[in-house]
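Undergrad: Have a look at this prediction, sequence included:
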Amino acid sequence: MTAAEPTSAPTTSAPTAGGAPAPAFRTAEARDVPALVALVESAYRGESSRAGWTTEAHLLEGQRTDAAAVAELLGRPDSVVLLVERDGALAACCHVERRGGAAYFGMFSVSPAIQGGGLGRQVLARAEEWARAEWGATAMEMTVIEQRADLIAWYERRGFARTGGFEPFPYGDERFGVPLRSDLRFVKLVKRLTQSGSAQNGS
């Protein structure tokens, strides 16, 4: 399945307690690529990203992704980009990909202006729901830059655990950014999924 072939119509949660429009989830299509690139860049790179806590501007310069990379994700089999809109504007997104009996979670971005309001938790929960329902995944995997201790702790509070494994940072490949330090690497995290949606190792 590709991101352009959703198995169900877009879903919208009930209005929030304050009466504000609820976030609407749907799968991304080719027409969404420019907005997705802009969202990811705003959440991680440059001065605009410093308005939120997910910024990597202190670790990396240059781009986080580009249109070709996002379009490639949309075209892969067993790969989907989930996005969230508020008032018709893109507010958050993530990439979920089937890898054997597990699902990989990545490209997780929330607009810096609305970070800290709980939308990120909703996106993560929807990604886990998708992985279980569409692929029968029993685990969610991801990698996070080791120096992002605050972000790793956020995932750990949501049931993820370090596997003890690491992946090297792709130094020399500016498609992933220009490092500002020489010791970057990725920590591997995993969360066991149950059919009820709870984590076997806690939440």
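TA: In hand now; what should we look at? Residues are numbered from 1 along each chain as shown.
Undergrad: Where do the strands of this structure begin and end?
TA: 11-12, 24-27, 60-61, 79-86, 89-99, 102-110, 139-145, 161-168, 178-179, 185-192 (DSSP state E).
Undergrad: Report all helices and strands that the fifth one contacts.
TA: Judged by 3 or more C-beta pairs under 8 Å, 6 or more residues apart in numbering; DSSP states H and E, strand 89-99 is in contact with helix 33-44, strand 79-86, strand 102-110, helix 119-135. For glycine as for every other residue, the C-beta is placed from the backbone atoms N, C-alpha and C.
Undergrad: before we move on, back to that, out of the strands of the chain, nearest to residue 54?
TA: When the strands of the chain are compared by C-beta to C-beta, strand 102-110 sits nearest residue 54, at 7.0 Å.
Undergrad: Partner strands of the closest one, with direction?
TA: The pairing partners recorded for strand 102-110 under DSSP bridges are strand 89-99 (antiparallel), strand 139-145 (parallel).
Undergrad: Could I get the average pLDDT for the shortest one?
TA: Computed over strand 139-145, the mean pLDDT rounds to 97.
Undergrad: Show me how far that strand is from its chain's centre.
TA: Relative to its chain's centre, strand 139-145 lies at 10 Å (C-alpha atoms, centre = their mean, to the nearest Å).
Undergrad: just stretch 167-184 next, same as before
TA: The answer for stretch 167-184 is 19 Å, by C-alpha atoms, centre = their mean.
Undergrad: now stretch 32-47
TA: 12 Å.
Undergrad: Flag every buried residue along it.
TA: Along stretch 32-47, these residues count as buried under the neighbour rule (16 or more other C-beta atoms under 10 Å): 32-33, 35-37, 39-45.
Undergrad: Same check on stretch 83-93?
TA: 83-86, 90-93.
Undergrad: Return the item of the residues you listed having minimum pLDDT.
TA: Minimum pLDDT across the buried residues of stretch 83-93 falls on residue 86, with 89.
Undergrad: Isn't that one up against residue 23?
TA: Yes. Using C-beta atoms under 8 Å, residue 86 is in contact with residue 23, at 5.6 Å.
Undergrad: lowest-confidence helix or strand of this protein?
TA: Within the chain, no helix or strand scores below strand 11-12, which has a mean of 44 by mean pLDDT, DSSP states H and E.
Undergrad: Nearest spatial neighbour of residue 82, chain-adjacent residues omitted?
TA: residue 94 (5.5 Å; C-beta to C-beta, 6 or more residues apart in numbering).
Undergrad: Mind pulling up the pLDDT for that neighbour?
TA: pLDDT, read off for residue 94, is 97.
Undergrad: and it, how many neighbours?
TA: Applying other C-beta atoms under 10 Å, we find 23 residues neighbouring residue 94.
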